[in-house]
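Visitor: quick one, what's the 3D model for this:
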Amino acid sequence: MSFDLKLHAYRLLMDEPFFAALSRKIEKRASNAIPTAGVRVDPDSAQFEMVYNPEFFDSLPEEQVRGVLKHEFYHLIFDHVTSRKPEGVNPKLWNICADLAINSHLVGELPDNCCMPGVAPFEDLPKGKSAEWYLANMPQNDEDEGEGEGDGSGEPGDGEPGDGEPGSGSGDPGNFDDHSGWSESGDSPEQEAANQMAKERLKNAMKEAANEASQSAKGWGTMSAGVKEEIIKRLETKVDWRKVLRYFIKTSQRASRRSSVKRINKRYAYIHPGKKVLRQAKIAIAIDQSGSVGDEMLSAFFGELNKLAKLAEFTVIPFDTHVDESKVYVWKKGASQKAERVMCGGTCFDAPTEYVNSQNFDGVIILTDMEAPKPKRCKAQRMWMTDQRGASRPYFKTNEKVIAID
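Guide: Sure thing, here's the model as predicted:
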């Protein structure tokens, strides 16, 4: 493939500080299985990723490559990927409305065969509205527009502009990118939790991108003031920390495998037995017992752990400047516990970290106000849960997940 995405990302960096900073946080994967490009949540890593066809990008002029990249990032910014499609709405119509909302901000930067407000067959629709607005105001006879253009499934032969001659401008306007893998009403709990984790990571990435753009000489680049205000507003939204907590526990589970003749081996069907996976998480809950951690936070956290005890067994580790092993206990699966404070002192995060490292845990969740120096590296997957103040003004910086609870 002659197309070099890194080169175009670098050029984007020169002119669009916000998009460039956001691009660095998005996984990118080349694939010929998709005709054009698309963004989705990887359910295994709970990360947003962009899958793209190098041949499609290679067929576009430079300005359209950058336009398509920004188009995909706008889908993330406007929360089109993880927000469920409206019930009872033609998926093709919703895909068109989502593209109309984005393409308003990319006039002259996209392939000709794209949905654009003010351009036939959408000449009566104004620019700059949300996908929901376009859905509510779309003329009824436009629901079938783009027939034969595909519904965003990304399957070969669906008639998208990416099939055969990407961005050639032939045919009626339609979706030039792939919308498969977006949130659906029938998504599994695991996928919903992955979406929540991805949204939280994206929120952090957008905060960093906004800070970088604000400090850059080129500011927010070509982004309009209205979109800039919308981004700042979205950064203030809350994430369901309970779903994030559930996802952390599930992804911390170890896998043990054993042969099973009842399962078909996907690679050597009916020759070798399949594998049955038994999962059991060994999770530590380290609770900061210092006086600065409020009783309300403790109560909220214990309330959710009572529900999560249905999924796994926990080891509760109260700590302040040290861990008193006589106060460590196992929270049995299916049991319930009352919130309690058993210690009172300062805070040292090295104390629970050393205990976890010595006990071979799969994951550790630390409930704290974040008011102590950064601890040493933890062998287990580690996540921090705190209040809004602790999340916005932590004592130290970390790449580990920091979740604010209500």
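Visitor: only C-alpha atoms for contact and neighbour calcs from this point on.
Guide: Fine.
Visitor: helices or strands up against the helix or strand where T315 lies?
Guide: Following DSSP states H and E, one finds T315 within strand 313-319. Contacting strand 313-319 under the criterion 3 or more Cα pairs under 8 Å, 6 or more residues apart in numbering; DSSP states H and E are the following elements: strand 282-288, strand 329-331, helix 350-359.
Visitor: adding distance to P54, write those out as JSON lines.
Guide: Formatted as JSON lines, the helices and strands packed on strand 313-319 follow (distance: least, Cα to Cα, whole Å):
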{"stretch": "strand 282-288", "distance to P54": "42"}
{"stretch": "strand 329-331", "distance to P54": "51"}
{"stretch": "helix 350-359", "distance to P54": "44"}
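Visitor: out of the ones you listed, nearest to R11?
Guide: With Cα to Cα as the measure, helix 350-359 is the member of the helices and strands packed on strand 313-319 nearest R11 (42.3 Å).
Visitor: how far away from the center of its chain is the closest one?
Guide: Here helix 350-359 is found 29 Å from its chain centre; the criterion is Cα atoms, centre = their mean, to the nearest Å.
Visitor: same deal with stretch 215-226?
Guide: Stretch 215-226 sits 24 Å away from the centroid of its parent chain (Cα atoms, centre = their mean).
Visitor: sorry, back to before: most neighbours per residue, which of the helices and strands packed on strand 313-319?
Guide: strand 282-288 (a mean of 24; mean count of other Cα atoms under 10 Å).
Visitor: elements contacting the next helix-or-strand element following it?
Guide: Next helix or strand after strand 282-288 toward the C-terminus (DSSP H and E): helix 295-308. Here helix 295-308 touches no other helix or strand, going by 3+ Cα pairs under 8 Å, 6+ apart.
Visitor: list the buried residues for helix 295-308?
Guide: M297, L298, F301, F302, L305, N306, K307, L308 (16 or more other Cα atoms under 10 Å).
Visitor: what does it contact?
Guide: Residues from elsewhere that reach helix 295-308 (Cα atoms under 8 Å, 6 or more residues apart in numbering): 242, 246, 334-340, 367, 386-387, 405-406.
Visitor: what's the most distant pair in those residues?
Guide: Maximum pairwise distance among those (Cα to Cα): 26.8 Å, between G334 and D387.
Visitor: okay, the helices and strands packed on strand 313-319 in CSV with mean pLDDT and distance to V81 next?
Guide: Formatted as CSV, the helices and strands packed on strand 313-319 follow (pLDDT from 0 to 100; distance: least, Cα to Cα, whole Å):
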stretch, mean pLDDT, distance to V81
strand 282-288, 89, 31
strand 329-331, 92, 37
helix 350-359, 95, 36
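Visitor: can you verify G390 is assigned to a helix?
Guide: Yes. The assignment for G390 (DSSP: H, G, I helix; E, B strand; the rest coil) places it in a helix.
Visitor: picking that back up, out of G334 and D387, which sits in the more crowded spot?
Guide: The neighbour count for G334 versus D387, taken as other Cα atoms under 10 Å, is higher for D387 (19 against 13).
Visitor: what about the contacts of helix 295-308, which are in helices?
Guide: The helices, defined by DSSP state H, take in R242, R246 from the contacts of helix 295-308.
Visitor: shaky segments in the stretch 101-250 of the chain?
Guide: For the stretch 101-250 of the chain, residues meeting the criterion pLDDT under 70 lie at 140-176, 185-186, 236-241, 250.
Visitor: how about the helices in it?
Guide: 131-137, 189-215, 225-234, 241-251 (DSSP state H, counting those that start in this stretch).
Visitor: so the last one versus helix 189-215, what angle?
Guide: So the one you mean is helix 241-251. Between helix 241-251 and helix 189-215, the angle comes out at 110 degrees (axes from the mean of the first three to the mean of the last three Cα atoms, to 10 degrees).
Visitor: hmm, who's touching helix 241-251?
Guide: So helix 241-251 is in contact with 190, 192-194, 196-197, 281, 283, 304, 308, 312, 363, 403-405, going by Cα under 8 Å, 6+ apart.
Visitor: same thing but 10 Å
Guide: For helix 241-251, the surrounding residues in contact (Cα atoms under 10 Å, 6 or more residues apart in numbering) are 44-46, 189-200, 279-283, 301, 304-305, 307-308, 311-312, 362-365, 381-383, 385, 401, 403-406.
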